[in-house]
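1. Okay, sequence plus prediction incoming.
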Amino acid sequence: MSLIPTLAETVSRARTDLRMGLPVVVGDYLAAAVETLSAPRLAEMRALGPAALAVTDWRAATLKARVYDGDLARIALPAEADLAWLRAIADPAGDLMTPLKGPLQSLRGGDSEPHRAAIALAKSAQLLPAVLMVAISAPHAGLTALPAAATLAQLTTEVHLAPVAAARLPLAAAQNSKLHIFRPDNGEIEHYAVEIGDPPRDQPVLARLHSACYTGDVLGSLKCDCGPQLHAALDAMGQNGAGVLLYLNQEGRGIGLANKMRAYSLQNQGFDTVDANHRLGFEDDERDFRIGAEILRRLGFSTVRLMTNNPRKVTTLESHGITVAERVPLVTPTNRFNEHYLAIKADKSGHLL
Ligand SMILES: Nc1nc2c(ncn2[C@@H]2O[C@H](COP(=O)(O)OP(=O)(O)OP(=O)(O)O)[C@@H](O)[C@H]2O)c(=O)[nH]1
Ligand SMILES: [Zn+2]
């Protein structure tokens, strides 16, 4: 029995399958991510019966497709639809050049839970949320199979993390520092905690939940404020003599670096940071800050002085057992490339400046 994969393990496998272009079984459907689907597999899936493309309500709005299923739409595949058609529906890169893909016919009635679970899986694999679905009547040997409702529940449940390793890591900002690695129990990427000094566990600790930003943190991109915020937070903790910075691997507000670059490309076309996410089919913020609460707890902290301008970080920590004794604003100098981005975050995402 213990050698049989659990639901969490099977979900993690399914994520990898979709990334490689392999369909998975969700409920009574074969599901394949459009982004990674090959022409031969598309042909094989189409031969099984009528196919539909599941997209989120956000993507459907841009495509002007009717939404009958709340947060998603099931678009019927026209007879002539090929891989190029599917990709144009999934990926907004060419929307402005070929605005009319329709008329698109959305399916109505019946069960959309497998489609919802398949979209959640694609998102958790950091793929575009567009999934080709075909009903099947018999199991497919060799393919990863999942129940729909339980998969959705698994994908939204709180992630638990275990400490893996920790070691001293002298930093420019503070010589007495330690890096802790935490591994989630759902097969996803690890998250890190930088502990500065020896913060007493029975007092509020100066803390920061930093979301990974390869472009800002590593390359010094001027398009956002992540790099300067990362270093300002570490410097403040160094000066304070103690602090904890969680480096959460939630690149691109949780959509991953490839999708963030798709969003940047849409921003080059004139869309703002929030609209770009929506056109891709994502929420404006797909991050799960409960991970932050869990790591703080694991490290023995229960009260923080949180460096952030994002009220959602404060409320999520508070509702998951961490007291935010104080919000410490973290404002860094703007430049001509990130002014607009920061204004949109204040305007549309409720950031306090
Ligand atoms: N999808 C997307 N993600 C972005 C964009 N610009 C930056 N990011 C990501 O946004 C995250 C940082 O989020 P911010 O909104 O800047 O700040 P915050 O963490 O919510 O709030 P603060 O605590 O106040 O800094 C990082 O994961 C970045 O990779 C963008 O245009 N699109
Ligand atoms: Zn950034």
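-> Yes, it's here. Ligands and ions are numbered 1, 2, ... in the order given.
2. Export only the CA atoms of stretch 268-285, formatted as CSV.
-> Only the C-alpha atoms of stretch 268-285 are listed here, as CSV (Å, rounded to 0.1, in the frame of the first residue of the first chain):
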residue,chain,number,x,y,z
ASN,A,268,5.7,46.2,-24.7
GLN,A,269,2.4,46.2,-26.7
GLY,A,270,1.0,48.7,-24.3
PHE,A,271,-0.9,46.6,-21.7
ASP,A,272,-0.2,47.2,-18.0
THR,A,273,1.1,44.6,-15.6
VAL,A,274,-2.4,43.6,-14.4
ASP,A,275,-4.0,43.5,-17.8
ALA,A,276,-1.1,41.5,-19.2
ASN,A,277,-1.7,38.7,-16.6
HIS,A,278,-5.4,38.7,-17.4
ARG,A,279,-4.9,38.5,-21.2
LEU,A,280,-2.7,35.4,-20.5
GLY,A,281,-5.5,33.9,-18.6
PHE,A,282,-4.0,34.3,-15.1
GLU,A,283,-5.2,36.2,-12.0
ASP,A,284,-3.2,39.3,-11.4
ASP,A,285,-1.5,37.6,-8.5
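3. residue ranges of the strands in this structure, please?
-> Shown for the chain, the strands assigned by DSSP state E span residues 24-26, 29-33, 51-56, 72-76, 130-135, 145-146, 161-168, 177-184, 191-196, 205-211, 243-248, 303-307, 323-328.
4. Figure out which of these is closest to ligand 2.
-> strand 205-211 (8.0 Å; C-beta to the ion). Placement of C-beta: from N, CA and C, glycine included.
5. how about the closest one against ligand 1, any contact?
-> Yes - judged by C-beta under 6 Å from any ligand atom, strand 205-211 comes into contact with ligand 1 through S211.
6. wait, what's in contact with the nearest residue to S211 once chain neighbours are set aside?
-> Counting by C-beta to C-beta, 6 or more residues apart in numbering, S211 lies nearest to Q250, which is 4.5 Å off, once chain neighbours are set aside. Contact partners of Q250, counting by C-beta atoms under 8 Å, 6 or more residues apart in numbering, are 211-212, 286-288, 291.
7. export the strands of the chain to CSV and tack on mean pLDDT and mean neighbour count?
-> Shown next, in CSV, are the strands of the chain (pLDDT from 0 to 100; neighbours: other C-beta atoms under 10 Å):
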stretch, mean pLDDT, mean neighbour count
strand 24-26, 98, 25
strand 29-33, 98, 26
strand 51-56, 98, 25
strand 72-76, 98, 23
strand 130-135, 98, 25
strand 145-146, 98, 18
strand 161-168, 98, 12
strand 177-184, 98, 18
strand 191-196, 98, 23
strand 205-211, 98, 25
strand 243-248, 98, 23
strand 303-307, 98, 22
strand 323-328, 97, 15
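8. out of those, nearest to P5?
-> Among the strands of the chain, strand 145-146 comes nearest to P5, with 10.6 Å by C-beta to C-beta.
9. now for that closest one, which elements pack on it?
-> Helices and strands touching strand 145-146, by 3 or more C-beta pairs under 8 Å, 6 or more residues apart in numbering; DSSP states H and E, are helix 7-20, strand 24-26.
10. Out of these, which one sits most buried?
-> strand 24-26 (a mean of 25; mean count of other C-beta atoms under 10 Å).
11. other SSEs contacting that strand?
-> Judged by 3+ C-beta pairs under 8 Å, 6+ apart, strand 24-26 is in contact with helix 7-20, strand 29-33, helix 113-124, strand 145-146.
12. neighbours around I89, how many?
-> When neighbours are counted by other C-beta atoms under 10 Å, I89 registers 24.
13. Work out which residue lies at the spatial centre of this structure.
-> Nearest to the geometric centre of the chain sits G254, at 2.7 Å (C-alpha atoms, centre = their mean).
14. my guess is that one meets D284, correct?
-> No - at 10.2 Å, G254 and D284 do not qualify as touching, with contact defined as C-beta atoms under 8 Å.
15. In stretch 265-284, which residues are buried?
-> Using 16 or more other C-beta atoms under 10 Å as the test for burial, stretch 265-284 gives 266-267, 271-284.
16. wait, stretch 214-233
-> For stretch 214-233, a neighbour-count test (16+ other C-beta under 10 Å) marks 215-217, 221-230, 232-233 as buried.
17. Ligand 1 next: which of these are close?
-> Near ligand 1, by the rule C-beta under 6 Å from any ligand atom, you find 224, 226, 229 out of the buried residues of stretch 214-233.
18. For those, give me JSON lines that also has pLDDT and distance to ligand 2.
-> Below are these laid out as JSON lines (pLDDT from 0 to 100; distance: C-beta to the ion, whole Å):
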{"residue": "C224", "pLDDT": "94", "distance to ligand 2": "3"}
{"residue": "C226", "pLDDT": "96", "distance to ligand 2": "3"}
{"residue": "Q229", "pLDDT": "97", "distance to ligand 2": "8"}
